[in-house]
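Engineer: Quick one, fold the following:
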Amino acid sequence: MRLDYSTVDASVATIQRIGLASMKVAYGVQFNIMVGNDRHGAEADCCGHNCTTTNGCATQPAGGYNCDAAYTVTGGVKKSSLASLEVLQARAKLAIDGMALANQMFLQHDFDPYCEAFRIPSIVKEALRRILSLGGGQFNIFGGDPDLYPQLIPFIRFLQALGLNVNLTTTGQRFLMDEQYTEDFLADPPHVLALSLDDMTLKEFQILSQLKSSEIRAHWEVVRRNKDLVNHGQVMKALEGIHALTLLYERCEKDEQGRPAHFLPLLNMVLHSGNLGHVYEIVDAVQARFPGTIVNPYPNQTALARQPGTYTPRDLELFDEYTDHAIDLTLAGGLLVPRIHYWVFIKTLSNARRGNYEAWRDGVAGDRSWKCYKNGTRYGQIGKFASPDDIPVETVRLLKGAGGFPNCFWPVRGIVADPNEIRSAEHFADYNRRGIIELGNTNGGWCSSLMPRLVSDLPNLERGIDDESLIPNWLQNRADMIGF
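Structural biologist: Have a look, this model is predicted:
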């Protein structure tokens, strides 16, 4: 499909179609609402799953990634220690107002220098300015497992009343356990429901996708009683995600193409050694069974934990092939999350490092790739302090509820300078525009990563490129593949 940048109007349409920027998401917040207190009173993520690389058993290999919210990592968190709905609402309003202000400040002070530095053509520049000026905010409800938050639906309603694009990233477990929740969800769904499909083979998906939701639920009950599999978080999440999609497709209102009429289903898919060999087939099977569902595949980001990448040389070749496929599919309007710049940047990084196995392996896993704090961000995060033992328990007990700190979901010790919750929109805007740069470079610096949502749009990507030696090749690839 032709990429048309001939006029500002044409550029606005092209930019949004391939995901370089969006009026739906000119700025955003990723909010970990599932921060509670562990048995010692320290902050930890509340989740009912155990996603690790050590949860294998006789019938199933271990999961493809580690999550800090796994209950074997946290030791368990009481739901009673989560922040109240009123506290979440207050924090959310401050946060999204802060990111709207950060976006305005970016346009006023940083946009022109950015466009000059990255050689953005004048017509594309004016199209980007229009999109970011007129665009709204996205709010990604994150965790832990937000399904476990008792007042999740009222929180979604509150965010929708603010005019936000609401994204719920969760496991789908509650659809198996709470009929009222299902009814309330269908009455007031978020704009996007993001579930997981990380550790499921093509054969497993094909079998499960032929079942009714009641049959998948019966299978889930059997698996839940298996003492080995119940501790395998990725297996449980994939099963719960397929059940949620099946149930919702059975019961929701659909459009003429059989797609959900009032929300967009999305499947996150961490790409690792266990699924790289059949990712094409899984994505095709998902979209054949669940029309309109989009898929968000991305490489396992071990750099967030300061760990080397996990891809073998063969994995890297398979991932490079899939990168080419993702670029072609995005340009053609296929059902991937549209982020053409994300895939073209990964291609640039891979081409630059393919002569050095370890550098290439670690690069696609996030090392020396992109940093949210390099020049500030327009997609802020709220979560824990810096790590469970960085903030005194006595201080935690004085807060209005656990969480509420301007900080990454994947925190590193010592990065947040003081134990201050988000205080005002101005505070959060300044933190994400300037404070994050200073704090991110203290104590050895935050990790780099390639988490798609945080990379977000083209300006965020380009301003956050960590390895500046990549920029000349990036600009050439942008011209060749994106058209300017």
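Engineer: isn't K347 right next to Y322, touching?
Structural biologist: No - K347 is beyond contact range of Y322, at 10.7 Å (criterion: CB atoms under 8 Å). Placement of C-beta: from N, CA and C, glycine included.
Engineer: Quick check: buried residues in the helix or strand containing H427?
Structural biologist: Assigned by DSSP states H and E, H427 belongs to helix 425-430. For helix 425-430, burial by neighbour count (16 or more other CB atoms under 10 Å) applies to A425, H427, F428, A429, D430.
Engineer: just stretch 77-85 next, same as before
Structural biologist: Buried residues in stretch 77-85, counted by 16+ other CB under 10 Å: V77, S81, L82, A83, L85.
Engineer: do the same with stretch 200-220
Structural biologist: Neighbour-count burial for stretch 200-220 flags M200, L202, F205, L208, S209, S213, I216, R217, H219, W220 (criterion: 16+ other CB under 10 Å).
Engineer: among those, which two are most distant?
Structural biologist: Pairwise distances among the buried residues of stretch 200-220 were taken by CB to CB; the largest, 22.2 Å, belongs to L202 and R217.
Engineer: if I look at the spatially closest residue to H49 that is not a sequence neighbour, how far off is L266?
Structural biologist: Using CB to CB, 6 or more residues apart in numbering and skipping the chain neighbours, the partner closest in space to H49 is G233 (3.6 Å). Taken as CB to CB, to the nearest Å, the spacing of G233 relative to L266 amounts to 19 Å.
Engineer: Between the two, which is the more surrounded one?
Structural biologist: Between G233 and L266, G233 has the larger neighbour count (other CB atoms under 10 Å), namely 28 against 19.
Engineer: What's the separation between the more buried one and T72?
Structural biologist: Applying CB to CB, one obtains 9 Å for the distance of G233 from T72.
Engineer: Mind checking which of the buried residues of stretch 77-85 land in strands?
Structural biologist: Restricting these to those inside strands, with DSSP state E as the criterion, leaves an empty set.
Engineer: Looking at those, which one is closest to L316?
Structural biologist: When the buried residues of stretch 77-85 are compared for distance to L316 (CB to CB), V77 comes out closest, at 36.7 Å.
Engineer: dump the residue contacts of that closest one.
Structural biologist: For V77, the set of contacting residues under the criterion of CB atoms under 8 Å, 6 or more residues apart in numbering consists of M34, G36, N37, D38, A44, D45, C46, C47, G144.
Engineer: So which of the residues you listed sit within strands?
Structural biologist: Secondary-structure check on these using DSSP E: residues within strands are G36, N37, A44, D45.
Engineer: Could I get the contacting residues of the first one?
Structural biologist: Remark: with contacts taken as CB under 8 Å, 6+ apart, G36 is in contact with E43, A44, D45, C46, V77, K78, K79, S80, S81, L82, A402, G403.
Engineer: quick one, what contacts the closest residue to P260 other than its chain neighbours?
Structural biologist: Beyond its immediate neighbours in the sequence, the residue positioned closest to P260 (CB to CB, 6+ apart) is C252, lying 4.9 Å away. By CB under 8 Å, 6+ apart, the contact set of C252 is L186, P189, P260, A261, H262, F263.
Engineer: and these, which two are the farthest apart?
Structural biologist: Maximum pairwise distance among the contacts of C252 (CB to CB): 10.8 Å, between L186 and A261.
Engineer: Look at those two and report which has more neighbours.
Structural biologist: For L186 versus A261, the count of surrounding residues by other CB under 10 Å is larger for L186: 16 against 12.
Engineer: For that one, pull up the helix or strand it's in.
Structural biologist: Secondary structure (DSSP H and E) places L186 in helix 179-187.
Engineer: in that helix, what counts as buried?
Structural biologist: So, applying 16+ other CB under 10 Å, buried residues of helix 179-187: Y181, T182, D184, F185, L186.
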